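**Student:** Okay, sequence plus prediction incoming.
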Amino acid sequence: MIETADDGDRPSITEVNGTVARFEMAYNPNPEERFVFGPPIWQRLPSLLFLGFAGVVATAAIMAHNTAGSSLHRFIVVEGRTPLVFIIVFAAIATFVRAGLRGVIVTSEGVETRTLSMGFPRVRRYRWAQIDRVILHKEAESVAFELWNGEYERLPKVARADEMVSLLERVAIGRGREVTRLDRKR
C-alpha cells in the first residue's frame with residue numbers, strides 16, 4: 001500500500017493500480033456485424049414479373065435461332081429483333097437488382113435505410129447519437145425514429161419486420177435510447 005502524507009486518507013484505486021477503470025455503458029454489437037433486412041416480396045413482385053417475361057423472351061429468341069424456317073425465326077432473327085431481346089433481358093436484370101437495393105441495415109454505428117425515390121436509390125444513415133427515441137408499432141410492423149433535431153423518420157417496410165423491430169428495440173434499450181411502443185389496446 002502506498003503511504004501518503006495526507007491526514008490518513010486511503011489512496012485512490014488510481015494511485016494503486018495506475019489505471020483508470022473504463023466502462024462501456026451501451027450495447028455494442030461486433031463492428032463487422034451487419035443485420036440486413038430486405039424489401040418485402042410485394043415490393044419485389046413487379047421486378048420478378050418483368051424478369052420472368054424477359055426469361056420467356058430470351059427462351060423464344062434462343063429457340064428462334066435454333067429453328068430455321070419457322071415464323072419465330074423470321075420474327076426475331078430475320079427482322080433483326082435480337083438486340084431488342086438483349087435490351088429487354090438486361091433491363092429486367094437491372095430492375096431486379098435495383099428492387100433489391102431497398103431495405104434497412106442495422107450496424108454497431110447506426111441504422112442505414114435504402115429506398116427508391118423516382119427510380120433512383122437513396123441511402124440515409126443515422127448514427128445512434130442522432131437518434132433520440134425509437135417508436136415501435138409491432139402490429140403494423142413499422143419503426144420510426146425521433147432524431148436529435150426534432151424530425152421524425154419512418155423506416156421503409158422490410159420482409160422480416162418482426163425481427164427488425166425486436167432487434168432495434170434491444171439495441172435502443174442497450175444504447176439508452178427512449179423506446180415508445182404503440183401497441184393497440186384491446
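**Tutor:** Alright, I've got the coordinates.
**Student:** so where's this protein uncertain?
**Tutor:** Applying pLDDT under 70 to the chain picks out residues 1-31, 140, 184-186.
**Student:** Mind doing that once more with 80?
**Tutor:** For the chain, the stretches with pLDDT under 80 are 1-32, 69-70, 72-79, 108, 119, 138-141, 183-186.
**Student:** Quick one: list the elements packing against the longest helix anywhere in it.
**Tutor:** Identified as the longest helix of the chain according to DSSP state H is helix 41-66. Under the contact criterion of 3 or more C-beta pairs under 8 Å, 6 or more residues apart in numbering; DSSP states H and E, helix 41-66 touches helix 71-73, helix 82-99. Where C-beta positions appear, they are placed from N, C-alpha and C, glycine not excepted.
**Student:** list the contacts for Gly110?
**Tutor:** Counting by C-beta atoms under 8 Å, 6 or more residues apart in numbering, Gly110 makes contact with 125-128, 130-131.
**Student:** which among the residues you listed end up buried?
**Tutor:** Buried members of the contacts of Gly110, counted by 16 or more other C-beta atoms under 10 Å: 126, 128, 131.
**Student:** Secondary structure added to the residues you listed, as CSV?
**Tutor:** Formatted as CSV, the buried ones among the contacts of Gly110 follow (DSSP: H, G, I helix; E, B strand; the rest coil):
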residue, secondary structure
Tyr126, strand
Trp128, helix
Ile131, strand
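**Student:** Now flag whichever of those is closest to Gly69.
**Tutor:** Set against Gly69, the nearest of the buried ones among the contacts of Gly110 by C-beta to C-beta is Tyr126 (61.9 Å).
**Student:** Pairing partners for the closest one in the sheet, please.
**Tutor:** On the basis of DSSP bridges, Tyr126 is bridged to Val111.
**Student:** So it versus Glu141, what's the distance?
**Tutor:** 19 Å (C-beta to C-beta, to the nearest Å).
**Student:** For the residue nearest to Pro39 when sequence neighbours are not counted, grab the count of nearby residues.
**Tutor:** In space, and not counting its chain neighbours, Pro39 is closest to Arg102: 3.9 Å by C-beta to C-beta, 6 or more residues apart in numbering. Counted with other C-beta atoms under 10 Å, residues neighbouring Arg102 total 22.
**Student:** try Val77
**Tutor:** Neighbour count of Val77, defined by other C-beta under 10 Å: 17.
**Student:** if we can go back for a sec, which ones are touching the residue nearest to Pro39?
**Tutor:** If a contact means C-beta under 8 Å, 6+ apart, then Arg102 has 38-39, 43, 114-116, 156 as its contacts.
**Student:** Buried ones from those, can you make that a ChimeraX selection?
**Tutor:** Remark: buried members of these, expressed as a ChimeraX selection using 16+ other C-beta under 10 Å:
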select :38,39,43,114,115,156
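**Student:** and the spatially most central residue of the chain, what is it in contact with?
**Tutor:** With distances taken as C-alpha atoms, centre = their mean, Val104 lies nearest the centre of the chain, 1.9 Å away. Going by C-beta under 8 Å, 6+ apart, Val104 touches 36-37, 111-114, 155-156, 158, 164.
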